[in-house]
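In: Need coordinates for the following:
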Amino acid sequence: MAIRRVLLMAVSVLALGCDESLKEVAGPTPNLEPTLSSIQREIFNTADSSGRAACIQCHNAAGQASAAGLNLVEGVSYSQLVDRPSRNKPGTVRVIPGNPDESYLIHKLEGRSDIVGQRMPRTGGPFLTSGQISIIRRWIELGANND
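Out: Model prediction:
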């Protein structure tokens, strides 16, 4: 786990220096960029070549009750994520602009030991790659803009 965290940090540091290099770490989503519109299109709305399911298969208006009350459908995902408390883990915030390390979304995607429930996606994998998570971290670092 410590080695994985160091690798994630290294990828994040590299991404800080040059967003163009993100394409090289995006893995099964080569068009993924650190913007909400890209994350929406490439991660939330779409399955990828690794076999990972689209997030909105569970996180939609119909599935909110079983998906921690989180709706990731386009048009509402931003208001559901940014500066919103987690329903399942009181005291945490889903996305804190500028602070990916304290953003509960990152904890759930990385499967950290402090999460309530399972790592996302709940299907048991395939999970997002460290590169995909790094790009989501970068979006949060840049202020988690509604772009």
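In: How about the contacts made by Thr92?
Out: Pro85, Ser86, Tyr104, His107 (Cβ atoms under 8 Å, 6 or more residues apart in numbering). For every residue, glycine as well, the C-beta is placed using N, CA and C.
In: From what I see, the second one and Tyr104 are in contact.
Out: Yes - the pair Ser86 and Tyr104 qualifies as a contact (Cβ atoms under 8 Å) at a distance of 4.8 Å.
In: still on that earlier bit, among the contacts of Thr92, which ones are buried?
Out: Ser86, Tyr104, His107 (16 or more other Cβ atoms under 10 Å).
In: Distance check, the second one against Gly63.
Out: What it means is Tyr104. Per Cβ to Cβ, to the nearest Å, Tyr104 is found 19 Å from Gly63.
In: Now do the contacts for Arg122.
Out: Cys58.
In: secondary structure class for it?
Out: Taken by DSSP: H, G, I helix; E, B strand; the rest coil, the conformation at Arg122 corresponds to coil.
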